[in-house]
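1. got a predicted structure here, sequence first:
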Amino acid sequence: MAKSSIKVRAKVKEGEAKIKCLISHPMETGLRKNKKSGKLIPAHFIQEVVCEYSGKTVMNAQWSGTISKNPFLSFSFSGAKAGDKIKISWVDNTGKSDSTEAKMK
């Protein structure tokens, strides 16, 4: 199995889950030029990030090329318990995708 591009930390305190994600991705806007050739570097960015808990979407983010390289994402939601699993996934503008699951601590 290939290594995931997503690193996740998920902690629960008093029923509130705090999720922190680091996603490895180049996030090119399509506006930058290659210094040697002078040609534009093609756009390559994450378009959507989704977090699912118990089969339901608890967070959905729509991104564009304005997000930085290797983006960090942090959010929280209520109703979680230690030991439960969450699933984080993303899809980029070239059709590539990745996902990972993490257990709440």
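-> Looks like it arrived, so ask away. Numbering: from 1, shown residues only.
2. touching, Val50 and Ile86? I think so.
-> No. Contact criterion Cβ atoms under 8 Å: Val50 and Ile86 do not qualify, at 10.5 Å. All C-beta spots, glycine's among them, are computed from the backbone N, C-alpha and C.
3. which of the two has more residues huddled nearby?
-> Ile86 (22 against 15; other Cβ atoms under 10 Å).
4. and the more buried one, how far from Ile23?
-> 15 Å (Cβ to Cβ, to the nearest Å).
5. what's the local residue count around Ile41?
-> What Ile41 shows, counting by other Cβ under 10 Å, is a neighbour count of 14.
6. what does the helix or strand containing Lys20 contact?
-> Element membership of Lys20, judged by DSSP states H and E, is strand 16-23. With contact meaning Cβ atoms under 8 Å, 6 or more residues apart in numbering, strand 16-23 is reached by 5-12, 46, 49, 51, 53, 59, 70-80, 86, 88, 90, 104.
7. buried subset of those residues as a PyMOL selection?
-> Applying 16 or more other Cβ atoms under 10 Å to the contacts of strand 16-23 leaves a buried subset, and the PyMOL line that selects it is:
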select buried, resi 5+6+8+10+12+46+49+51+53+59+71+73+80+86+88+90+104
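8. ranges for the strands of the chain?
-> For the chain, the strands defined by DSSP state E occupy 6-13, 16-23, 46-53, 56-62, 72-78, 85-92, 97-103.
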